[in-house]
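# Sequence first, then the predicted structure:
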Amino acid sequence: MKTLSTIGLLVCSNIFMTFAWYGHLKFKEMGWISNWGLPAVILLSWGIALFEYCFQVPANRIGFAGNGGPFNLWQLKVMQEVITLIVFTLFTTLVFKNETFRLNHIIGFGFLVLAVYFIFKN
């Protein structure tokens with residue numbers, strides 16, 4: 001159960017993170033926000049990111065082996081990065097219709113997975 005809770009909370013965290021980091025790039029299409037200055041957009045993104053932390057911190061606490069969870073820190077970080085790539089890919093292809101997911105992106109993600117494999121291989 002802790003495994004599924006950790007993964008679910010990490011997915012939720014990454015959804016908020018992606019909206020906080022990249023969602024503001026679509027604000028120009030929203031009439032009431034399109035004229036906001038950078039400080040206001042930063043504050044709005046920061047407010048969205050607060051929800052990211054509301055999911056990220058419990059995910060790490062529940063999942064961490066030192067707290068009785070099933071994962072060590074390395075596994076938590078790698079899992080979070082993989083979830084980030086998946087959420088970002090879905091977000092980009094669904095929200096930014098002018099961005100396409102191409103073969104070079106798949107190859108790049110593959111190299112990232114290989115890098116993780118080689119870095120953590122004993």
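Right, received. Where do you want to start?
# which regions of the chain sit below the pLDDT cut-off?
The model of the chain has pLDDT under 70 over residues 120, 122.
# So in it, which helix runs the longest?
Ranked by residue count, the top helix of the chain under DSSP state H comes out as helix 38-63.
# and it, what does it pack onto?
Contact here means 3 or more Cβ pairs under 8 Å, 6 or more residues apart in numbering; DSSP states H and E; on that basis helix 38-63 packs against helix 2-22, helix 73-95. Placement of C-beta: from N, CA and C, glycine included.
# in it, what's buried?
Neighbour-count burial for helix 38-63 flags 44-45, 48-49, 51-52, 55-56, 58-60, 62-63 (criterion: 16 or more other Cβ atoms under 10 Å).
# residues near the residue lying closest to Val78 once chain neighbours are set aside, how many?
For Val78, ignoring the flanking residues on the chain, the nearest one in space by Cβ to Cβ, 6 or more residues apart in numbering is Val116 at 5.5 Å. Around Val116 there are 15 other residues, counting by other Cβ atoms under 10 Å.
# Val116 and Glu81 touch, don't they?
Yes: with contacts counted by Cβ atoms under 8 Å, Val116 reaches Glu81, the gap being 7.4 Å.
# so where does the residue nearest to Val78 fall, helix or strand?
Val116 is part of helix 103-120 when elements are defined by DSSP states H and E.
# With only the CA atoms kept, save that helix in PDB.
Taking C-alpha atoms only, helix 103-120 is exported to PDB below (Å, rounded to 0.1, in the frame of the first residue of the first chain):
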ATOM      1  CA  LEU A 103      11.600  10.100 -32.200                       C
ATOM      2  CA  ASN A 104      14.500  12.200 -31.000                       C
ATOM      3  CA  HIS A 105      12.600  12.800 -27.800                       C
ATOM      4  CA  ILE A 106      12.100   9.100 -27.300                       C
ATOM      5  CA  ILE A 107      15.800   8.500 -27.900                       C
ATOM      6  CA  GLY A 108      16.700  11.300 -25.500                       C
ATOM      7  CA  PHE A 109      14.500   9.800 -22.800                       C
ATOM      8  CA  GLY A 110      16.100   6.400 -23.500                       C
ATOM      9  CA  PHE A 111      19.600   7.900 -22.900                       C
ATOM     10  CA  LEU A 112      18.400   9.400 -19.600                       C
ATOM     11  CA  VAL A 113      17.200   6.000 -18.500                       C
ATOM     12  CA  LEU A 114      20.500   4.500 -19.600                       C
ATOM     13  CA  ALA A 115      22.300   7.200 -17.600                       C
ATOM     14  CA  VAL A 116      20.400   6.300 -14.500                       C
ATOM     15  CA  TYR A 117      21.100   2.700 -15.000                       C
ATOM     16  CA  PHE A 118      24.900   3.300 -15.400                       C
ATOM     17  CA  ILE A 119      25.100   5.800 -12.500                       C
ATOM     18  CA  PHE A 120      23.400   3.400 -10.100                       C
END
